[in-house]
Each structure stands twice: as C-alpha cells, then as structure tokens.
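>>> sequence first, predicted coordinates after that:
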Amino acid sequence: MNRCAKCSKSFVNGDTKSKYNNLEYHQRCFVCNTCDQIIKHSFYALSDNEYRCNDCQQRLAEIITCSACNEQIDGSYVQYRNKTLHATCFCCEACQEQLSNVLYVENNEKPYCVSCHIERFAKLCAICQRPFASGTQSRIFNDRSYHIGCFRCFRCGKIIFGHDYKINSEQQRICQACVETQ
C-alpha cells in the first residue's frame with residue numbers, strides 16, 4: 001500500500017492526493033512550510049519535503065535585510081557601498097553616531113562623521129592645530145603645514161605667505177621688512 005511521503009501514513013480510500021517529484025502526499029500534508037496552508041497551485045520546493053506556496057515566496061522575496069544587524073528592514077533604509085542598512089544602523093565607524101541624515105566623509109571605504117574624520121585623518125596646521133578645509137591653500141615649511149593666515153613673521157606678525165622672508169638662526173620666519181630694520 002502507498003504511503004504519504006510526509007507523514008508516512010497509508011492512503012485510505014477517498015484520500016485526496018498531491019503528487020510532486022514522483023512522491024505522493026496526503027493533500028492535508030502537502031502544506032506551505034511558511035504559512036501551513038494546503039498548497040493547491042504553484043509552489044517552490046525549498047528542499048526534500050519542504051515547500052513554500054507562491055504567495056509566501058513572493059512576500060518573502062520582497063523582504064530586505066540589513067547588512068549591519070541582519071534584521072528585516074520595514075521602514076527607511078540607506079544604500080551604502082552596495083549594502084542596504086537600517087537608517088539607524090548606518091553609523092560612524094569610530095563613534096557610532098548615526099549618519100543617515102548628516103554629512104559624512106568616507107575613508108578607506110568606511111563612513112565617518114566629520115569630526116571623527118578630522119580627528120583621525122585630517123592634516124592640521126602647525127600653529128593653530130585646526131584642520132585644512134577641502135581646497136584650502138596651505139604652506140609647507142620644515143615639513144609642517146600652515147594655513148596662509150597662520151604663516152606669519154615671527155617678529156611683527158605680518159602674514160608672509162606670497163612675500164619674501166628669511167629664516168633666522170633659530171629657524172623662525174622673518175618678513176623682509178623686519179630683516180631690513182635689524
């Protein structure tokens with residue numbers, strides 16, 4: 001006597017059978033593994049004896065999971081470097097500040113809030129210790145970088161960027177006017 005491929009019970013006269021892959025099932029045993037409803041029409045085979053109805057397959061195919069926490073995304077999300085993340089999971093690599101609604105900077109393919117990026121990667125002026133904004137002109141002297149406004153004469157404080165200056169014996173910058181008044 002034939003048996004059901006799912007429950008291994010015999011078929012009784014009058015049992016409605018479902019057949020798939022040369023196997024027979026009681027109709028009540030041939031159910032979706034997601035919603036437990038009897039599969040009557042098209043379905044997806046997940047593995048041996050595991051099937052999903054068309055409705056559940058379509059619904060589950062639309063589910064997006066977060067690359068950071070692996071949880072399902074229901075609301076807003078962020079696309080970053082071919083990854084989909086909850087807006088709350090898109091955070092600064094250093095301080096974990098949420099970045100979804102703020103300006104951020106990328107370094108080595110990782111996102112950073114502006115302040116962490118400056119703290120970790122920005123070149124700083126040797127005088128004021130503030131970072132150089134993108135596109136800011138600077139002057140390099142003795143392997144140290146200076147803002148134009150910080151590159152001044154040691155004696156009078158005049159900005160000497162673009163002007164003649166001399167270096168005294170203590171390696172200090174002196175403008176031409178101060179050199180001439182010595």
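Cool, got the structure.

>>> I'd assumed Cys156 was in contact with Gln176.
No: Gln176 sits out of contact with Cys156 when judged by Cβ atoms under 8 Å, with a separation of 10.9 Å. Where C-beta positions appear, they are placed from N, C-alpha and C, glycine not excepted.

>>> and the residue nearest to Gln137 when sequence neighbours are not counted, what are its phi and psi?
Distances taken as Cβ to Cβ, 6 or more residues apart in numbering place Ile148 nearest to Gln137, at 5.4 Å, with adjacent residues excluded. Backbone torsions of Ile148, given as degrees, to the nearest 10, read phi -60, psi -40.

>>> likewise for Glu180?
phi -70, psi -20.

>>> do you know how far it is from Asn168?
Distance of Glu180 to Asn168, given as Cβ to Cβ, to the nearest Å: 14 Å.

>>> pick out whichever of the two has more residues nearby.
Between Glu180 and Asn168, counted using other Cβ atoms under 10 Å, the more crowded position is Asn168 (13 against 7).

>>> from Gly157, how far out is that one?
For Asn168, the distance to Gly157 - Cβ to Cβ - is 15 Å.

>>> how is this structure divided into domains?
17-61, 64-121, 138-180 (automatic domain parsing).

>>> could you tell me the least trusted of the ones you listed?
The weakest mean pLDDT among those belongs to domain 17-61, with a mean of 82.

>>> distance of Cys91 relative to Gln58?
Cys91 is 33 Å from Gln58, by Cβ to Cβ.

>>> between the two, who's got more neighbours?
Ranked by neighbour count (other Cβ under 10 Å), Cys91 and Gln58 place Cys91 first, with 18 against 11.

>>> what's the closest non-adjacent residue to His86?
His86 sits nearest to Cys66 (Cβ to Cβ, 6+ apart), 4.8 Å away.

>>> the one you found: neighbour count?
For Cys66, using other Cβ under 10 Å, the count is 19.

>>> contacting residues for it?
Contact analysis of Cys66 by Cβ atoms under 8 Å, 6 or more residues apart in numbering lists Gln72, Ile73, Tyr77, Thr84, Leu85, His86, Cys89.

>>> go again using 7 Å as the cut-off
By Cβ atoms under 7 Å, 6 or more residues apart in numbering, Cys66 lies in contact with Ile73, Thr84, Leu85, His86, Cys89.

>>> let's see which of these end up in helices.
Among the contacts of Cys66, no member falls in helices (criterion: DSSP state H).

>>> which helix or strand contains Ile140?
Secondary-structure element containing Ile140, defined by DSSP states H and E: strand 138-141.

>>> quick one: list the elements packing against the helix or strand following that strand.
Going down the chain from strand 138-141, the next helix or strand is strand 144-147, by DSSP H and E. Applying 3 or more Cβ pairs under 7 Å, 6 or more residues apart in numbering; DSSP states H and E, we find strand 144-147 packed against strand 138-141.
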